[in-house]
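Enquirer: Turn this into a structure:
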Amino acid sequence: MIEAIEQITITEPSLPKGEEGRLPISFDLVSLWSRESNSQASRGLIRLSFLSPDNVEIKSFDYHVDLSKNLRMHTTTRIYGLSFRGPGIYHFRVQLREENETEWRDVASIPLQIVLQPSESSAIS
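Expert: As a prediction, this is how the structure comes out:
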């Protein structure tokens, strides 16, 4: 079964400022790559970065894309556990650096909202 994750709500006390939490979840991030022109082969590197709400990179993964023999290619990034730094809208930034180029180009941004909801025990004073 395939599901889309847009928001994760965590029922726990909030994190102390500056500390990092870890969500014990696992999921796959799947993407489809295709040639810009069917007649032109392409190769390069893909970078998938997880960014905090203030645009700080928490984690990144690099992998190769090779469209020299095929028109399209699917990639699957399996993620086990997700670090976070409090509530807000995080992003998975997808970048491409084509062969023989030095600059990374942003090609997609996937938002994920993390909401911290106080547990009942932390709400009692």
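Enquirer: Verify the stated contact: residue 11 with residue 119.
Expert: Yes - counting by CB atoms under 8 Å, residue 119 is a contact partner of residue 11 at 5.2 Å. For every residue, glycine as well, the C-beta is placed using N, CA and C.
Enquirer: Kindly state the beta-bridge partners for residue 91.
Expert: Judged by DSSP bridges, the bridge partners of residue 91 are residue 51, residue 111.
Enquirer: Let me know the distance separating the most centrally placed residue in the chain from residue 50.
Expert: Nearest to the geometric centre of the chain sits residue 92, at 2.9 Å (CA atoms, centre = their mean). Separation of residue 92 from residue 50 (CB to CB, to the nearest Å): 6 Å.
Enquirer: again, but for residue 7
Expert: Separation of residue 7 from residue 50 (CB to CB) stands at 15 Å.
Enquirer: When these two are compared, which one has more neighbours?
Expert: For the pair residue 7 and residue 50, the greater number of neighbours falls to residue 50 (21 against 10), based on other CB atoms under 10 Å.
Enquirer: And the pLDDT at that one?
Expert: With respect to pLDDT, residue 50 has a value of 95.
Enquirer: Tell me who's in contact with it.
Expert: Residue 50 makes contact with 57-60, 82-83, 90-93, according to CB atoms under 8 Å, 6 or more residues apart in numbering.
Enquirer: Same question for residue 67.
Expert: 33-35, 41-43, 73.
Enquirer: So what does it have for phi and psi?
Expert: phi -110, psi 40 (degrees, to the nearest 10).
Enquirer: quick one: the strands in this structure?
Expert: Assigned by DSSP state E, the chain shows strands spanning 7-11, 21-34, 42-51, 57-67, 72-84, 88-98, 105-117.
Enquirer: Convert the first one to PDB, retaining C-alpha atoms only.
Expert: Once side chains and other backbone atoms are set aside, the C-alpha atoms of strand 7-11 remain, and they are given as PDB (Å, rounded to 0.1, in the frame of the first residue of the first chain):
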ATOM      1  CA  GLN A   7       2.000  15.800   8.500                       C
ATOM      2  CA  ILE A   8       3.300  14.000  11.600                       C
ATOM      3  CA  THR A   9       1.900  14.800  15.000                       C
ATOM      4  CA  ILE A  10       4.000  13.800  18.000                       C
ATOM      5  CA  THR A  11       2.300  13.600  21.400                       C
END
